[in-house]
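> please work out how this folds:
(chains A and B)
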There are 2 protein chains.
Amino acid sequence: MSAHFADRLAAAIADRECPVCLGLDPRFAWLPRCLRESAGRAGSPSEPDPRAAARAIGEFGRALIDGLADVVPACKFQIAFYEALGADGIRTLEETVARAKAKGLIVISDAKRGDIESTAEAYARAHLGATSPDADAWTGLDADALTVSPFPGMDTLAPYLAYCRTAGKGLFVLVKTSNPGSADFQDLDVCGEPLYQHIARKLQPLAERYRGHSGLSSIGAVVGATYPEHARRVRQVLPDSFFLVPGIGPQGGTAEAAAAAFRDDGRGALVSASRAVLYAFRDEPYATRFGEDGFVKASREAVLNLAQQVRHALRGRP
Amino acid sequence: MSAHFADRLAAAIADRECPVCLGLDPRFAWLPRCLRESAGRAGSPSEPDPRAAARAIGEFGRALIDGLADVVPACKFQIAFYEALGADGIRTLEETVARAKAKGLIVISDAKRGDIESTAEAYARAHLGATSPDADAWTGLDADALTVSPFPGMDTLAPYLAYCRTAGKGLFVLVKTSNPGSADFQDLDVCGEPLYQHIARKLQPLAERYRGHSGLSSIGAVVGATYPEHARRVRQVLPDSFFLVPGIGPQGGTAEAAAAAFRDDGRGALVSASRAVLYAFRDEPYATRFGEDGFVKASREAVLNLAQQVRHALRGRP
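Numbering: from 1, shown residues only, chains lettered A, B, ... in the order given. You can find the predicted model right below:
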């Protein structure tokens, strides 16, 4: 069985001194021109067929993984953008995940699945499963961790926990999402506290049970960088959980806000940078320095800068 | 643009006098022996490779669609069981959805997706999208409706609503799921009412805006057949929404309980029967009468019986 997820993630972050992961949200229309044009051969450059688009997205992901694997600890795949290309997209996802694992990156499947237990079993197998002697278990994506929704209830987490227990996998449960509308339901007052905090409280006994040698737990939480006050409250309830922190950059989260999700010892969180890193070649100062063809170097520089900002923010905390 | 989703669904149910849809949750290990054995040729009969398993699941779905298309109004695809077979499973899903549409069935993608708006756009495109002149829009699954989670907030529904507005698509928002743990968060008291009812209340203005000529709305709700009292409360808040009602049969819901989700005029709900219909050939009285090879006839008989039970329960309501 693989080592404990939180232990592996903590070691990878410490090893690279980088608490920021590469978030792969590949949108075809935003790819560097060179990749879009080569995909265009199969159709029109502006609207290739899904197979050509999936190929371009695959090249993009592979190039970034190869170019950033020595500086980032993990890669978070936003499944929606692969799913949008149908079976071709999922094939590309499988190949890109395999590449990330071969390069030593920890893989997080950001699928935010949430369904009743018998269905959750199939989702757990799809995302966390590997080859298995069980007649009903296929080769799955074999990601190291998965994001899931708590909305259907605590019983629906059981199939994922089985993989945490037996295969060293991890879970990031949605607690407070990064979007403006997250207040609609997550901030509602229940039993004298907001729902997101109540969810964290329900997760706490689980988080304690899945703590590793690092002292950190494989039962983590998703907490948006756009809500530092909320992150502090969740941290009080879940002192040992890994927090996955999206929303930095275009969504409005800053390095200082993201730092609120970390423990006092500067560990226990992983900031996910997607658009700000993936498409760095489109923005200054990277656009002028690297151009579209230098998109990998632009992303590498952007993620290194972001990691430095987060480290700086962590040192500057009161 | 296609006709209004709720109008189409109401007409299909009235036409076939069948408020029950075929729920496709294909598990390889539960397939009729004939299908499992032919898949086994590519690997071992108990554990074929994903491609062979996907092929078997495809044959199963096609046979049921062909055999039941004249009696059921719609087919609900539980995406998890296709996703669990990776890219091969998604290819099979695409082919089976196309078959269902060609046979005149309304297709519901039961994916329960829920993510922030920029990601929800990709999920909306994946499940509800069709060929489009937009450079960033591929041929999607082109389902008629999708199940989604409200947990990330009301703003995250916008991308799906765009398809309801422009392409006659529908939405079923999770309100009260059928599992025992659904009480954990969905039943919590917020603002003097349970969360599930509060969610329904937030959906109400949307539901009103998307009402068709039938008087029914394309903004629907998922309400488990296992909670008839809850269904009645949701119905009070959402008088015109279509309710998608899972949980009948093995999960404990009865035809009488499912009937609680319907409007007083006997319309406005679609009961989804999955395990009870798909695997009818395994259970009596169907097993003896039809055997494994007669699995299509067994499912047809089971769904007709279930529809009759629901119609009977509707007539018997106080």
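> so what's the residue count around residue A:270?
For residue A:270, the count of nearby residues is 29 (other CB atoms under 10 Å in any protein chain shown). All C-beta atoms are positioned from the backbone trio N, CA, C, and that covers glycine.
> got the residues of the stretch 201-318 of chain A near chain B?
With CB under 8 Å from any CB of the partner chain as the criterion, the stretch 201-318 of chain A meets chain B at residues A:202, A:251.
> ok, for the residue in the stretch 201-318 of chain A that chain B sits nearest to, nearest residue in space, not its chain neighbours?
Relative to chain B, the nearest point of the stretch 201-318 of chain A is residue A:202 (6.8 Å; CB to the nearest CB). Distances taken as CB to CB, 6 or more residues apart in numbering or on different chains place residue A:154 nearest to residue A:202, at 6.0 Å, with adjacent residues excluded.
> buried residues in stretch A:23-37?
By neighbour count on 16 or more other CB atoms under 10 Å in any protein chain shown, the buried set for stretch A:23-37 is A:23, A:24, A:25, A:26, A:27, A:28, A:31, A:32, A:35, A:36.
> next, the third one: phi, psi?
Residue A:25 adopts backbone torsions of phi -120, psi 60, taken as degrees, to the nearest 10.
> same question for the first one.
The phi and psi torsions at residue A:23 (degrees, to the nearest 10) take the values phi -100, psi 110.
> give me the spatial nearest neighbour of it, chain neighbours excluded.
In this structure, residue A:23 finds its nearest non-sequential neighbour in residue A:274, 3.2 Å apart by CB to CB, 6+ apart.
> partner residues bridging the most centrally placed residue in chain A?
Closest residue to the average C-alpha location of chain A: residue A:76 at 3.4 Å, with CA atoms, centre = their mean. Under DSSP bridges, the beta-bridge partners of residue A:76 are residue A:23, residue A:108.
> distance from the chain centre to stretch A:195-214, please.
From the chain centre to the centre of stretch A:195-214 is a distance of 19 Å (CA atoms, centre = their mean, to the nearest Å).
> quick one: buried residues of that stretch?
Buried residues in stretch A:195-214, counted by 16+ other CB under 10 Å: A:195-200, A:202-204, A:206-207, A:210-212, A:214.
> do the same with stretch A:151-164
A:151, A:152, A:153, A:154, A:155, A:156, A:157, A:159, A:160, A:161, A:163, A:164.
> so where do the helices sit in the stretch 1-150 of chain A?
With helices called from DSSP state H, counting those that start in this stretch, the stretch 1-150 of chain A shows them at A:5-16, A:33-40, A:50-68, A:79-83, A:86-102, A:117-128.
> what would the ones you listed look like in TSV with distance to residue A:234 and mean pLDDT?
Shown next, in TSV, are these (distance: least, CB to CB, whole Å; pLDDT from 0 to 100):
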stretch	distance to residue A:234	mean pLDDT
helix A:5-16	16	98
helix A:33-40	38	84
helix A:50-68	29	95
helix A:79-83	24	97
helix A:86-102	28	95
helix A:117-128	23	96
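> any chance of the ones you listed in JSON lines, plus distance to residue B:112?
Converted to JSON lines, those look like this (distance: least, CB to CB, whole Å):
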{"stretch": "helix A:5-16", "distance to residue B:112": "24"}
{"stretch": "helix A:33-40", "distance to residue B:112": "31"}
{"stretch": "helix A:50-68", "distance to residue B:112": "23"}
{"stretch": "helix A:79-83", "distance to residue B:112": "13"}
{"stretch": "helix A:86-102", "distance to residue B:112": "18"}
{"stretch": "helix A:117-128", "distance to residue B:112": "8"}
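> most tightly surrounded among those?
helix A:79-83 (a mean of 27; mean count of other CB atoms under 10 Å in any protein chain shown).
> returning to what we had before: so which of the helices of the stretch 1-150 of chain A comes closest to residue B:181?
The closest of the helices of the stretch 1-150 of chain A to residue B:181 is helix A:117-128. By CB to CB, the value is 7.9 Å.
> can you give the contact residues for that closest one?
Residues from elsewhere that reach helix A:117-128, judged by CB atoms under 8 Å, 6 or more residues apart in numbering or on different chains: A:109, A:111, A:113-115, A:137-138, A:140-143, A:145-146, A:148, A:152, A:155-160, A:162-163, A:167, A:169, B:25, B:27, B:78, B:80-81, B:83-84, B:86, B:179, B:181.
> want to throw the buried residues of stretch A:151-164 into CSV with secondary structure and pLDDT?
Shown next, in CSV, are these (DSSP: H, G, I helix; E, B strand; the rest coil; pLDDT from 0 to 100):
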residue, secondary structure, pLDDT
A:151, coil, 98
A:152, coil, 98
A:153, coil, 98
A:154, helix, 98
A:155, helix, 97
A:156, helix, 98
A:157, helix, 98
A:159, helix, 98
A:160, helix, 98
A:161, helix, 98
A:163, helix, 96
A:164, helix, 97
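> residues in contact with residue A:70?
Listed by CB under 8 Å, 6+ apart, the contact set of residue A:70 reads residue A:16.
> I should have written residue A:206 there, sorry.
Residues in contact with residue A:206 (CB under 8 Å, 6+ apart) are A:157, A:161, A:219.
> check which helix or strand it maps to.
Using DSSP states H and E, residue A:206 maps to helix A:195-209.
> one more: residue A:173?
Using DSSP H and E, residue A:173 falls within strand A:170-176.
> quick one: that strand to chain centroid distance?
In terms of CA atoms, centre = their mean, the centre of strand A:170-176 is found 10 Å from the chain centre.
> sweet, I'm off.
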